[in-house]
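[1] everything below, folded, please.
(one chain, ligands or ions: 2)
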Amino acid sequence: TPRVFSGIQPSGGLTLGNYLGAITKFVSTQEAGTHETIYCMVDLHAITVPQEPDALRHNTRELCAGFLAAGIDPERSILINQSQVPEHAQLGWVFNCVARMGWMGRMTQWKDKAGKNAEAASLGLFAYPALMAADILIYHATHVPVGEDQKQHIELTRDIAAKFNHDYGVDFFPLTEPVIEGAATRVMSLRDGTKKMSKSDPVDGSRINLTDDADTIAKKFRKAKTDPDPLPGSVAGLEGRPDARNLVNIYAALEGRTVDAVLAEHEGAMFGHFKQALADLAVEKLSPISSEMARLMDDPAEIDRILARGAERAREITVPILERTYEIVGMVR
Ligand code: ATP
Ligand code: MG
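    Ligands and ions are numbered 1, 2, ... in the order given. Coordinates of the predicted model:
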């Protein structure tokens, strides 16, 4: 069976963007049953920027709890923590030697995250997309459900696979396709509709965390940036209004309806009123997940057992693929 792989960094708590852009698709892919599904907490990626060790441990377990609470079944999917499957990093090294400096330098995430002072960024942050290619290709995964922001990294994954195959004269790594689908492939910051919502944004008010309580969610939406105009009757009326557009998009995605259907119902409403409806909807959809996450976090040993078991299952796939890669490259075994 063809494989799907995707990952999330334990670089903070899960956001509404991660949930709508990634996790809901992980669950629907698992449910479809057409692919073997492998989902990963990518802790090695998280340390490309500073992480406090205790917070990283906590965030990794909480991320696992988030996957489980949202409906990932550790029997039907393989659920792992990246550093517990060492072949990711081992193939990552080989790909560091395949990828070109110029390719990496063109990555917009690198430019955004390194900021103006690239000299002070970690080497790992620069090499991040080569490790991400390894995460995917160590399973020969053909499809990767991701948010819009990861499109460029998946294209780079294809470039790395193609260059490896070409350089060694093999047809070994598949050319992976991104799966960027649904109503919320790019949820924006609540404080700036032109910036992606991110779990590592220093401003907590910019995002909804899956662990936020009802009052916090209501307050964050109330304070979200908007404009003084009412909701238009169709999506064309949101042109040039990124903050308004974002809130309507979130509403539509949470309800599983189109933006036009939401606008048809709320045309003429002021945002003060709409934000309250949005908060109610978000609480209704997210509170079952956050209470289940809290329940799971009461037993971290069980989470650790699930991850250990996932790593064992993953390595049945990754060890032979790494061995074959080393053989192709010319490593004495
Ligand atoms: P960080 O700020 O540390 O990069 P993040 O919130 O961007 O965290 P990642 O772990 O980098 O989260 O990404 C995990 C998955 O969530 C990826 O598939 C990514 O495309 C998706 N994703 C992240 N943010 C959003 C968003 N705002 N809208 C839709 N999808 C998102
Ligand atoms: Mg990110």
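[2] which stretches in the protein count as strands?
    Along the chain, the segments classed as strands by DSSP state E run 3-8, 36-41, 77-81, 143-145, 177-179.
[3] okay if I get those strands as TSV plus mean neighbour count?
    Just so you know, the C-beta spots here come from the backbone N, C-alpha and C atoms, and that holds for glycine as well. Below are the strands of the chain laid out as TSV (neighbours: other C-beta atoms under 10 Å):
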stretch	mean neighbour count
strand 3-8	24
strand 36-41	25
strand 77-81	25
strand 143-145	22
strand 177-179	17
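[4] and the ones you listed: which comes nearest ligand 1?
    The closest of the strands of the chain to ligand 1 is strand 3-8. By C-beta to the nearest ligand atom, the value is 4.1 Å.
[5] what lies in contact with that closest one?
    14, 18, 22-23, 25-26, 29, 35-42, 45, 63, 82, 132, 135-136, 139-146, 179, 317 (C-beta atoms under 8 Å, 6 or more residues apart in numbering).
[6] among those, which ones lie close to ligand 1?
    Among these, the ones lying near ligand 1 by C-beta under 6 Å from any ligand atom are 18, 22, 146.
[7] returning to that earlier point: can I get the strands of the chain in CSV with mean pLDDT?
    Formatted as CSV, those follow (pLDDT from 0 to 100):
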stretch, mean pLDDT
strand 3-8, 98
strand 36-41, 98
strand 77-81, 98
strand 143-145, 98
strand 177-179, 97
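[8] for ligand 1, what's its nearest residue on the stretch 51-200 of the chain.
    Nearest residue of the stretch 51-200 of the chain to ligand 1 (C-beta to the nearest ligand atom) works out as Gly147 at 2.4 Å.
[9] can you count the residues close to that residue?
    If you count neighbours by other C-beta atoms under 10 Å, Gly147 ends up with 21.
[10] tell me how far the nearest residue to it once chain neighbours are set aside lies from Pro320.
    Nearest non-adjacent residue to Gly147, counting by C-beta to C-beta, 6 or more residues apart in numbering: Gly21, 3.4 Å away. Using C-beta to C-beta, to the nearest Å, Gly21 is found at 32 Å from Pro320.
[11] kind regards, and thank you for your time.
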